[in-house]
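Visitor: Below are the sequence and a predicted model; questions follow.
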Amino acid sequence: MTAGWLITALLVGSFSVLVRSESATALMIGIAFLLMKIIWDWKKQKPEDVPHKGPHPAGISALWRLGLAIMIAAIPLLAWSAHNQKVYGFFGISDYAGEILFDGWIYYGLNSNIPITDPNSSAVKTINEVYPPGLSNMSNVPTGWTIYYLLLQHGYTSEQAFTLLDQASMDSIRNNIPLSLKLLVIKIQKGLEPQAMIPATFLYPGEKINFATLNSDYFDKETLFIPAIINIQRYAVEVVSQWYSIFYTAWFWLGLGMAFICFYRKPFFQWMPLAVIAINSVFLPTIMGMSMWRYVLSGIFLMQLFILAGIQSAGTFVPYYFKASRKPEETKP
């Protein structure tokens, strides 16, 4: 709880928000737990430790240090928000949360055969005017960005377009809660399905890949042809594709289980915030936006700590259990 560590920790959180705006929740979780720690220490103080009425001087000092750290951590966020205000006309880290919600709920719902769209929503009616429902079907559902640019073409400003997408999403989610919960279950299930991201291997002569045109704009044509290397690459791809899902499914649930167990691990104010942030990193992007395995990976990174802690606890408990389970030898008369 020293000033240096508080400032460093919150600056790390601040810059993580600049990388991905949804990291703001992790930053707020960290601040909340730091404040809880200060209050907890106040509650634990004994009457004889307080020479006068009112808060303990150490508690006041901790609050000042936390307040200073929050102000310093806010500087990068405020600076970037001011930049966005100057260049793009809005004050904030980003302004496209409405598009994320639209893709994560309306677009994803239609593609999952769960049309949660609220036909009575004024925002939905406005969107239907620029993209009539008859133009789309389950195999050709417009994304939020498609709707966004159509709204711009019809004279709406960027802020108005994102606001309409946000309102349409929230109205649709609230319109039918049971159906929205059904879609939420599907989103979490699909988001937690491991998907191997396999890069393209070297090609045999005459083979083509879909993004060859994109590569040719930036890279010279690859002329390397070594059959042994290509065969090794493709064998590795086959092995990874076969075992990736099995391994990561077991590894993810092991890490998630250990994260909940670490709720009871001491020191509480070190393990509990870390577990909450890891769970938040796994589920928040999936709940808000599209269900993608790559969103889950950021949370799995933190879960390695819980798995290591579980191994350490098991290594301590197993010898203790066997020692305690041994019956003492009966005393001979």
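Guide: Cool, got the structure. Residues are numbered from 1 along each chain as shown.
Visitor: Other residues contacting stretch 140-157?
Guide: Stretch 140-157 is contacted by residues 98-103, 106-107, 110-111, 127, 129-131, 135-136, 158, 160-162, 164-165 when judged by CB atoms under 8 Å, 6 or more residues apart in numbering. In this view, the C-beta of every residue, glycine as well, is placed from N, C-alpha and C.
Visitor: try stretch 238-254
Guide: 192, 193, 194, 195, 196, 198, 296, 300, 303, 307, 310.
Visitor: again with stretch 27-39
Guide: Against stretch 27-39 from outside (CB under 8 Å, 6+ apart): 1, 6, 9-10, 13-14, 16-17, 59, 62-63, 66, 70, 73, 269, 272-273, 276-277, 280.
Visitor: Which of those fall in helices?
Guide: 6, 9-10, 13-14, 16-17, 59, 62-63, 66, 70, 73, 269, 272-273, 276-277, 280 (DSSP state H).
Visitor: List buried residues within the contacts of stretch 238-254.
Guide: Taking 16 or more other CB atoms under 10 Å as the criterion, what is buried in the contacts of stretch 238-254 is 192, 194, 296, 300, 303, 307, 310.
Visitor: Give me the subset of the residues you listed lying in helices.
Guide: Using DSSP H, the subset of the buried ones among the contacts of stretch 238-254 located in helices is 296, 300, 303, 307, 310.
Visitor: Give the buried subset of the contacts of stretch 140-157 as a ChimeraX selection command.
Guide: Of the contacts of stretch 140-157, the buried ones can be selected in ChimeraX as follows, counting by 16+ other CB under 10 Å:
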select :98,99,100,101,102,103,106,107,110,127,130,161,162,164,165
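Visitor: Just the ones in helices from the contacts of stretch 140-157, please.
Guide: Of the contacts of stretch 140-157, the ones assigned to helices by DSSP H are 98-101, 110-111, 127, 129-130, 158, 160-162, 164-165.
Visitor: Report the residue ranges of every domain in this structure.
Guide: Taking automatic domain parsing as the criterion, the chain consists of the domains 3-88, 97-191, 212-325.
Visitor: Pick the most buried one from those domains.
Guide: Stretch with highest mean neighbour count among the domains of the chain: domain 97-191 (a mean of 17; mean count of other CB atoms under 10 Å).
Visitor: so where do the strands sit in the stretch 201-333 of the chain?
Guide: Using DSSP state E, counting those that start in this stretch, the stretch 201-333 of the chain contains no strands.
Visitor: Okay, now the unreliable bits of it?
Guide: The model of the stretch 201-333 of the chain has pLDDT under 70 over residues 206, 208-216, 221-224, 327-333.
Visitor: what about 80?
Guide: Applying pLDDT under 80 to the stretch 201-333 of the chain picks out residues 201-226, 325-333.
Visitor: so residue 125 is in which element?
Guide: Secondary structure from DSSP states H and E places residue 125 in helix 122-130.
Visitor: Need the contact partners of that helix.
Guide: Here helix 122-130 makes contact (CB under 8 Å, 6+ apart) with 117-119, 147, 150-151, 153-154, 164-165, 167-168, 171-172.
Visitor: Among these, name the ones in helices.
Guide: Going by DSSP H, the helices hold 147, 150, 151, 153, 164, 165, 167, 168, 171, 172 from the contacts of helix 122-130.
Visitor: Take the residues you listed and write them to CSV, including pLDDT and distance to residue 93.
Guide: CSV is the format used below for the ones in helices among the contacts of helix 122-130 (pLDDT from 0 to 100; distance: CB to CB, whole Å):
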residue, pLDDT, distance to residue 93
147, 93, 22
150, 92, 25
151, 93, 22
153, 92, 27
164, 95, 21
165, 95, 18
167, 95, 20
168, 94, 22
171, 95, 25
172, 94, 25
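Visitor: Dump those into JSON lines; add distance to residue 263 as well.
Guide: JSON lines is the format used below for the ones in helices among the contacts of helix 122-130 (distance: CB to CB, whole Å):
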{"residue": "147", "distance to residue 263": "41"}
{"residue": "150", "distance to residue 263": "47"}
{"residue": "151", "distance to residue 263": "45"}
{"residue": "153", "distance to residue 263": "51"}
{"residue": "164", "distance to residue 263": "41"}
{"residue": "165", "distance to residue 263": "37"}
{"residue": "167", "distance to residue 263": "37"}
{"residue": "168", "distance to residue 263": "38"}
{"residue": "171", "distance to residue 263": "36"}
{"residue": "172", "distance to residue 263": "34"}
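Visitor: now stretch 266-284, how far from the chain's geometric center?
Guide: Mean-position distance between stretch 266-284 and its chain equals 12 Å (CA atoms, centre = their mean, to the nearest Å).
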